[in-house]
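Student: any chance you can model this:
(one chain, ligands or ions: 2)
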Amino acid sequence: MKTSDAWKTVALSILVVWVTAICGCAGRYRTAWGDVHGHTELSDGKGSLDDYFHHARDVAHLDFAIVTDHDFGHEAPWRMPAADWQLTQSKAEEFTVDGGFIAIAGYEWTSQEKYWTGVTNQASERLFPGPPSFYNHKIVYFPAAVPYLFSAKDPSFNNPDLLAEAVRREGGLIHNAHPDAPPQGRDQFDYSPFNSDVIANTEMSGDVIRYRGTNYPVLVEQTVRRFLDHGGRTGFVAGSDTHEGKTAAHTAVLVHDLTRTAILDALRHRRTYAINHARIGLDFRINGHVMGEEVEVNAPPRICVRVRGTALIEEITLVRDGVAIEVIHPSRRNVKLAFVDRSFAGSSYYYVRVIQSDLDEHGNKSCAWSSPIWVHPRRPPPARAHAG
Ligand SMILES: [Zn+2]
Ligand SMILES: [Zn+2]
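Tutor: Ligands and ions are numbered 1, 2, ... in the order given. Below you'll find the model as predicted:
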């Protein structure tokens, strides 16, 4: 990762002109803060659904929260009981107040190697037919009540494409939970590109996380970038994955108003960014288009980044097609930058990573990752057919 003095010089010299010209449309959206992944006693977490949503609304002061218990139950036949799913949906309705707090019913589609026939000796868990595969976990949620969830252990929904087709029919959405680096995570992104409209986002975090004094290489950002490098489409979200009932702000969504419809629309269109601790404000645009969008250009892309830190911003990195093309170290709380990418040479994705100087309780620096913006050269208009 290189630090470019040229980037600083270019950015500063054109800052005044371009910040106005490129970022002039800021304010179309407001930021809503939420948690998109967490468990209760319905699966393997602590506390009730009431506890979960009370904490999200009154302690964590979130704008929205998705509850995502596992799709397995506590005993054979290893499915979440229908009554638990109905209760999850009715509690989400009970806690939702438009403009105040939005509760969303979801579940965690749990596809793990140990459940495949022949992988385990525990007969009660030999539930997946066919050759062993491992699709990891996916978070599923819906705009309105659906009669029953689509379990990973049901042969009708036991791979991501089958799941995506069923969820699309109900108007729901999916995101990839906690990606793993291969070999365990080898199948997590194994789905048709046509289903990326339903499997819209992926939980992002750093490549190394610090937990209780120890560093763990998790390679999440590398794994997600590899998917993008191969043409995959995904935005970035994050969740606490709390099993202790302690929801926290990990996903920011750009919305016009605070309703379930608006939040799901933002998630569907990837107007999202992931944070791991502090609520860093981040506005990333290319030619005026916000994160998550596809943009056509007929000149070098004009990139604008605004960061509103809650502490000093240590580093801002602009990534294009898996490579950090610019890195700056502003040492300020609020940063506005503008940049024209004159090396743009063809269809590319861009995203921004921000590192702030403060630490969470385990010693991880606060970070933010914008969802990508995809930029393409404008296609020439189709040639006119010659009459006669
Ligand atoms: Zn999980
Ligand atoms: Zn989970």
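
Student: just for the stretch 51-200 of the chain, where's the confidence low?
Tutor: Residues of the stretch 51-200 of the chain that meet the criterion pLDDT under 70 lie in 73-77, 114-132, 183-184.

Student: near ligand 1, which residues of it?
Tutor: Neighbours of ligand 1 within the stretch 51-200 of the chain, by C-beta under 5 Å from the ion: H137, A177. All C-beta spots, glycine's among them, are computed from the backbone N, C-alpha and C.

Student: pLDDT at V16, what is it?
Tutor: pLDDT recorded at V16 is 34.

Student: for the stretch 151-300 of the chain, which residue gets nearest to ligand 1?
Tutor: A177 (4.7 Å; C-beta to the ion).

Student: now do the same contact list for G38.
Tutor: 45, 52, 65-68, 239-243, 245, 247 (C-beta atoms under 8 Å, 6 or more residues apart in numbering).

Student: that one - nearest residue in space that isn't next to it in sequence?
Tutor: Of all residues not flanking G38 in the chain, T242 sits nearest, at 4.3 Å (C-beta to C-beta, 6 or more residues apart in numbering).

Student: test my guess that that neighbour contacts A248.
Tutor: Yes - assessed by C-beta atoms under 8 Å, T242 is found in contact with A248 at 7.4 Å.

Student: list residues touching both of those two?
Tutor: With C-beta under 8 Å, 6+ apart, T242 and A248 have common neighbours D35.

Student: so who does whichever residue of the stretch 251-388 of the chain sits closest to ligand 2 touch?
Tutor: When distances are taken as C-beta to the ion, the stretch 251-388 of the chain reaches nearest to ligand 2 at T251, 14.3 Å away. Applying C-beta under 8 Å, 6+ apart, we find T251 in contact with W33, G34, D35, V36, V237, A238, G239, T272, Y273, A274, I275.

Student: bridged to it, which residues?
Tutor: G34, A274 (DSSP bridges).

Student: circling back: how far away is the residue of the stretch 151-300 of the chain closest to ligand 1 from G288?
Tutor: A177 sits 32 Å away from G288, going by C-beta to C-beta, to the nearest Å.

Student: which bits of the stretch 1-150 of the chain sit near ligand 2?
Tutor: E108.

Student: the stretch 1-150 of the chain: strands as residue ranges?
Tutor: 30-35, 64-70, 102-111, 136-141 (DSSP state E, counting those that start in this stretch).

Student: deepest of these, which one?
Tutor: strand 64-70 (a mean of 28; mean count of other C-beta atoms under 10 Å).

Student: can you pull out the residues in contact with that one?
Tutor: Taking C-beta under 8 Å, 6+ apart as the rule, strand 64-70 contacts 32-40, 42-45, 49, 52-53, 56-57, 80, 84, 88, 91-92, 101-108, 110, 139, 141, 239, 247, 253, 258, 260, 263.

Student: nearest to V208 among the contacts of G38?
Tutor: Closest approach to V208 among these (C-beta to C-beta): D241, at 17.4 Å.

Student: one step back: if I look at the residue of the stretch 151-300 of the chain closest to ligand 1, how far off is ligand 2?
Tutor: 6 Å (C-beta to the ion, to the nearest Å).

Student: let me see the contact set for the closest residue to that residue other than its chain neighbours.
Tutor: Excluding its sequence neighbours, the residue lying closest to A177 (C-beta to C-beta, 6+ apart) is H137, at 4.0 Å. Shown in contact with H137 (C-beta under 8 Å, 6+ apart): E108, W109, T110, S111, Q112, A177, H178.

Student: quick one: contacts for L87?
Tutor: L42, L49.

Student: hang on, the earlier thing: just list whatever residues bridge to the residue nearest to A177.
Tutor: The partner residues for H137, given DSSP bridges, come to T110.

Student: let's have the strands of the stretch 1-150 of the chain in TSV, adding distance to S196.
Tutor: Converted to TSV, those look like this (distance: least, C-beta to C-beta, whole Å):
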stretch	distance to S196
strand 30-35	22
strand 64-70	20
strand 102-111	16
strand 136-141	13
